[in-house]
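J.: Got a sequence here, can you model it:
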Amino acid sequence: MIHETPFGMLTPSIQADTKKIGPVHRALRWCEVIAKTTLWNPKSNATNTSLQRTINGQLIEIFPLEAACIDLGMQSKFSANHLPIYLNGSDACVRSKRSKPRPLHTDMVASMILLLGRAGFNPGAVPRTLHSILTAKQIQSLPSFPPYERFVAGRPSTSGREFLPEARILELVNQHPNVIFSIQFEMRNGNLRNMTAREEVGMVTDGDESNSSTCMRMSYNPSDYHLKTVFDMQKEQYRNIATDRVTRISIGEHTQSTASAQEGPAND
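T.: All right, here's what the predicted structure looks like:
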């Protein structure tokens, strides 16, 4: 079915999420209303209408219809991870922050139209990849952030949680090769993680791997950092468990836990 929108015709495929069509249309109408009351200028071609504005000599162009296409799983010239925004004729590489659930691209584009639609916009809210539209004075006014602390592998936990002895964890896992087990451990960011996993005997960190089709060569030795590589049964990918930060493990006929073990979901 073909849908007429303020920015062109939208033709969702039969695989499109029908629950999104209504919200996408509302967001496109929001984009139209905002554009009419701000400094944006429409630019039309044979297929769609974009919005343009020059800020401090830099040309910004936003494509609301492309945002709608991304939301509905249709083909777009923009990556699904990017907002459809050009800076001086090239993809500005504006990405949304990671959030669950992620907002519609059409909603995020509407917010960008609102943010940059007036002369007195907030420089601190401008995405980093668009900082070239700011004046030197605006850039100087941006808040400074503390330098990123480099991650140090194997650093002891500071959470105060009680953990099972690492030697016991290694003993249990090594005694049950290729056995599916459940484990809860503290990740390096301090969050608890539940995992259903299996240690695969083909996993190696060095040596000849030609005799096993299941093994995977690692570029480092996980045990040097109190890690053990296992196969995550839910994600179907190799992952590391922190053997020095285990709060609960159930493997074979053995179940052990500490007072810090958390019931229910505990995932990143």
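J.: what's the average pLDDT for stretch 84-101?
T.: The pLDDT scores in stretch 84-101 average 86.
J.: got the phi/psi numbers for R193?
T.: phi -130, psi 130 (degrees, to the nearest 10).
J.: Could you check how far it is from I183?
T.: Counting by CB to CB, to the nearest Å, the gap from R193 to I183 is 9 Å. Bear in mind the C-beta positions are built from the backbone N, C-alpha and C, glycine included.
J.: just A136 next, same as before
T.: 53 Å.
J.: Looking at R193 and I183, which one has more neighbours?
T.: Counted by other CB atoms under 10 Å, R193 and I183 do not tie: I183 has more neighbours, with 24 against 18.
J.: so who does that one touch?
T.: Counting by CB atoms under 8 Å, 6 or more residues apart in numbering, I183 makes contact with 194-195, 197, 241, 246, 248-251.
J.: Select only the buried ones of those residues in PyMOL?
T.: Selecting only the buried entries of these in PyMOL, with 16 or more other CB atoms under 10 Å as the criterion:
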select buried, resi 194+195+197+241+246+248+249+251
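J.: now the contacts of I183 in a markdown table, with secondary structure and pLDDT?
T.: Shown next, in a markdown table, are the contacts of I183 (DSSP: H, G, I helix; E, B strand; the rest coil; pLDDT from 0 to 100):
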| residue | secondary structure | pLDDT |
| --- | --- | --- |
| N194 | strand | 95 |
| M195 | strand | 96 |
| A197 | strand | 94 |
| I241 | strand | 94 |
| V246 | strand | 96 |
| R248 | strand | 97 |
| I249 | strand | 97 |
| S250 | strand | 96 |
| I251 | strand | 95 |
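J.: Out of the contacts of I183, flag the one nearest to G22.
T.: N194 (36.1 Å; CB to CB).
J.: Identify the bridge partners of R198.
T.: R198 forms beta bridges with I180, F231, as assigned by DSSP bridges.
J.: can I assume it is in contact with F181?
T.: Yes: counting by CB atoms under 8 Å, R198 touches F181, with 7.1 Å between them.
J.: These two: which is more packed in?
T.: F181 (20 against 17).
J.: That one against V173, yeah?
T.: Yes: applying CB under 8 Å, one finds F181 in contact with V173, separated by 7.4 Å.
J.: Now list whatever residues contact both of the two.
T.: With CB under 8 Å, 6+ apart as the test, F181 and V173 both reach I251.
J.: so where's the stretch 51-200 of the chain shaky on pLDDT?
T.: For the stretch 51-200 of the chain, the stretches with pLDDT under 70 are 98-100, 145-154, 200.
J.: Do you have the strands of the stretch 101-250 of the chain handy? List them.
T.: Along the stretch 101-250 of the chain, counting by DSSP state E, counting those that start in this stretch, strands occupy 180-186, 192-198, 227-232, 237-242, 246-251.
J.: TSV for those strands, including distance to P64?
T.: Output for those, formatted as TSV (distance: least, CB to CB, whole Å):
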stretch	distance to P64
strand 180-186	44
strand 192-198	39
strand 227-232	39
strand 237-242	36
strand 246-251	48
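J.: among the ones you listed, which is nearest S90?
T.: That would be, of these and by CB to CB, strand 237-242, which comes in at 34.0 Å.
J.: what helices or strands is that closest one leaning on?
T.: Under the contact definition 3 or more CB pairs under 8 Å, 6 or more residues apart in numbering; DSSP states H and E, strand 237-242 sits against strand 180-186, strand 192-198, strand 227-232.
J.: Just the CA trace of stretch 177-185, in CSV.
T.: What follows is stretch 177-185, C-alpha atoms only, in CSV (Å, rounded to 0.1, in the frame of the first residue of the first chain):
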residue,chain,number,x,y,z
PRO,A,177,33.9,-30.7,29.7
ASN,A,178,31.1,-30.1,27.1
VAL,A,179,28.5,-30.1,29.8
ILE,A,180,25.9,-27.2,29.7
PHE,A,181,25.9,-25.3,33.0
SER,A,182,24.5,-22.1,34.4
ILE,A,183,26.6,-19.4,36.0
GLN,A,184,26.3,-15.9,37.5
PHE,A,185,29.3,-13.7,37.7
